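J.: what's the 3D shape of this:
(one chain, ligands or ions: 1)
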Amino acid sequence: SGTVPKAMSKPATGNFDRGPVIPTTPLVTFLEHVQETALATFGQKDFDPKLYVDLSLKSNLSTTVTAFHKLPRNATGSVSIPDFKEFMHEYFDGAGNDLVYAEPPDFVPEPDGFLPKVKNPQVRAWALEVHALWKNLSRRVSCSVSERPEFHTLLPLPGPVVIPGSRFREVYYWDSYWVIRGLLASKMYKTAKAIVTNLIYLIDTYGYVLNGARAYYTNRSQPPLLSAMVYDIYNRTGDLDLVKKALPALLKEHQFWNSGIHKVNVQDNRGRNHTLSRYYAMWNKPRPESSTTDKVHASKLLNASEKEQFYRELASVAESGWDFSTRWMRNTSDFTTLAITSILPVDLNIFILKMELDIVSMAQIVGDNKTVESFLKSAQARKEAIDSVFWNEENGQWLDYWISNGTGSQECQRWKASNQNNNAFASNFVPIWIDLFNSDTCIVEKVRKSFQSSGLLGAAGIATSLTRSEEQWDFPNGWAPLQHMIVEGLGKSGSQEAKSMAQDIAMRWINTNYVAYKETGAMHEKYNVEKCGDIGGGGEYIPQTGFGWSNGVVLAFLEEFGWPADLKIGCNGVLL
Ligand SMILES: OC[C@H]1O[C@H](O[C@H]2O[C@H](CO)[C@@H](O)[C@H](O)[C@H]2O)[C@H](O)[C@@H](O)[C@@H]1O
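T.: Prediction:
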């Protein structure tokens, strides 16, 4: 099980309160039953459980439930395929029908000033094709959703949205940051602002940004990057009104991540107390979008309280965006040992530190000195906490920190070096993304060397981890957001070596995206970094195309690094 500290590797026991639960809607619960019957009826081949919880009703719920119960079944719970198909057709509208295609108001086939540094005609032509994908991914919530919300699991949103693509038919929180980075390169400022307006609406309605805009995602958030979205849009457009509108929502979001179950206290070896944050979903049942799968995993556990805790870990891992990875397992070969609620993650705390610093900058812009003062203090405290709890001088990396099983937000853990997770993950390098770290030349040099020898850099980009686990947030998969944060951080630093490394990684990533696009006709959700042009795999659903954040990162890289006229694109062009 890697280097997971022994003291931390006890299974979940005890009967303590494991935290709040946000109830879901009766429609979601019913659709989980439909999902189960669909699996029994159609079998495992090509089965995607999410499809069933994305359906909307044609008649009211009680009529549909009655018809469902009248379906003749055999002993295994299956229905005859024709009967089930007829029932589905009569009572449900297709998944995604309630999110209708919407032409983005600010899309033009070739925007003025588009990617000025891209000189190679072949690369330019491809970049324009990627830019045109925004049209395929643009949607608005159909009026039927606000007219009869109880017929839908899709949540109403005030503005148009950009979806990741394929099975991800709704807006996602952290994906939106890289979608926005791409939209900024595409000069689609209106579309970018509409996404932010929707996320602010979610904070106003629920108190935090949901994982995604679906009724089954209300029990958790996702990596908090709203402040980064707002600040980047402001820096391009100077839109002061957006900052004014976003600030109160960001203060609320900051509170969400710094209170209750998300908050953990750690005392360092000099006796100083620090507060850091963790992922912690408000849910202890199977995730409705993967209910049939979650139940199979949980069947290996013996008692109800173990199962409940396992379900909470599954949903909390989904909150991290890294669903799933050995990063969160006590025993890397046993999926049921997921224990993210016992981990303080480096990247989450970096996102919150960035949120605090962005709030300071934005409060300065609007002249709110009280907020400036208080958030400067919060940022300083979190920076000290990050230095004390995560930084590992010997490794030149920031390492996730294991806390004791079942830690409440009032307790204070004593820091122990042996509780740092020494395994290499791309997230160990995410701090370099923020200016506070990438402006420190000593840190950059240490981190650059450490990254170079980490084994994470493959022919086609940065691997998520070094463990080949069949989980999608592990080796050999590379994900656009991780490439982007590390490349942008290295690129912003004052070190020439770090800048060259950033450019080299960006080129590997662009080449692999390009070749895969030419071979498959699509942009992919994840790629295999071992081999240029290969797409990623593993995980609980088949690889998806579209794809919001991959498009965004390619456009952002091309905007930053450009592409010389005489440089070939393709796998042979990779500098190894
Ligand atoms: O359906 C399973 C899970 O799917 C989502 O996670 C993955 O896709 C998201 C959208 O691109 C992405 O944000 C996340 O990082 C991916 O791992 C969803 O977010 C999960 O909650 C869901 O259980």
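
J.: in the stretch 51-200 of the chain, which spans are strands?
T.: Secondary structure of the stretch 51-200 of the chain (DSSP state E, counting those that start in this stretch): strands at 56-57, 92-93, 99-101, 138-141, 161-162.

J.: partners of the second one, with directions?
T.: Paired neighbours of strand 92-93 in the sheet (DSSP bridges): strand 56-57 (antiparallel).

J.: now swap in the fourth one and tell me
T.: Sheet pairing here is set by DSSP bridges, and for strand 138-141 it gives strand 99-101 (antiparallel), strand 161-162 (antiparallel).

J.: count the residues that sit near Glu394.
T.: Glu394 has 9 neighbouring residues, counting by other Cβ atoms under 10 Å. The way it works is simple: take the backbone N, C-alpha and C, and place the C-beta from them, glycine included.

J.: ignore what I typed, I meant Val346.
T.: Residues within reach of Val346, counting by other Cβ under 10 Å, total 26.

J.: in space, what's closest to it - neighbours in sequence excluded?
T.: Nearest non-adjacent residue to Val346, counting by Cβ to Cβ, 6 or more residues apart in numbering: Trp398, 4.5 Å away.

J.: quick one: contacts for that neighbour?
T.: Trp398 is in contact with Val346, Ile350, Ile386, Phe390, Trp391, Asn392, Asn428, Phe429, Val430, Pro431, counting by Cβ atoms under 8 Å, 6 or more residues apart in numbering.

J.: ramachandran angles for the spatially most distant residue from the centre of the chain?
T.: Distance from the C-alpha centroid of the chain peaks at Pro72, with 41.0 Å (Cα atoms, centre = their mean). Backbone torsions of Pro72, given as degrees, to the nearest 10, read phi -70, psi 130.

J.: ok, Lys263 - how many residues close by?
T.: 16.

J.: same question for Ala480.
T.: Ala480 - counted by other Cβ under 10 Å - has 29 other residues nearby.

J.: which ones are touching the residue farthest from the centre of the chain?
T.: So Pro72 contacts Val79, Ser80, Asp83 (Cβ under 8 Å, 6+ apart).

J.: spell out which residues of this protein are next to the ligand.
T.: 50, 164, 168, 172, 174-175, 211-212, 287, 289-290, 318, 321, 323, 541 (Cβ under 6 Å from any ligand atom).

J.: ok, now with 5 Å
T.: Pro164, Phe168, Tyr172, Asp175, Asn211, Glu289, Ala318, Gly321, Asp323 (Cβ under 5 Å from any ligand atom).

J.: you'd agree the last one is in a strand?
T.: What it means is Asp323. No. With DSSP: H, G, I helix; E, B strand; the rest coil as the criterion, Asp323 is assigned coil and is not in a strand.

J.: that one contacts Trp473, doesn't it?
T.: Yes. If you go by Cβ atoms under 8 Å, Asp323 and Trp473 touch, sitting 6.8 Å apart.

J.: more neighbours: these two, which one.
T.: Per other Cβ under 10 Å, whichever of Asp323 and Trp473 has more neighbours is Trp473, with 27 against 22.

J.: now do the same for Met507: helix, strand or coil?
T.: Strictly by three-state DSSP, Met507 counts as helix.

J.: which regions of the stretch 1-150 of the chain sit below the pLDDT cut-off?
T.: Along the stretch 1-150 of the chain, the parts satisfying pLDDT under 70 run over 1-17.

J.: re the thing from before, is it possible to export the strands paired with strand 138-141 to a markdown table including mean neighbour count?
T.: What follows is the strands paired with strand 138-141, written out as a markdown table (neighbours: other Cβ atoms under 10 Å):
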| stretch | mean neighbour count |
| --- | --- |
| strand 99-101 | 15 |
| strand 161-162 | 28 |
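
J.: just send those strands back as JSON lines, with distance to Ser500 too.
T.: Listed next are those as JSON lines, based on distance: least, Cβ to Cβ, whole Å:
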{"stretch": "strand 99-101", "distance to Ser500": "43"}
{"stretch": "strand 161-162", "distance to Ser500": "33"}
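
J.: coming back round to it: intersection of neighbour lists for Asp323 and Trp473?
T.: Shared contacts of Asp323 and Trp473 (Cβ under 8 Å, 6+ apart): Gly539.
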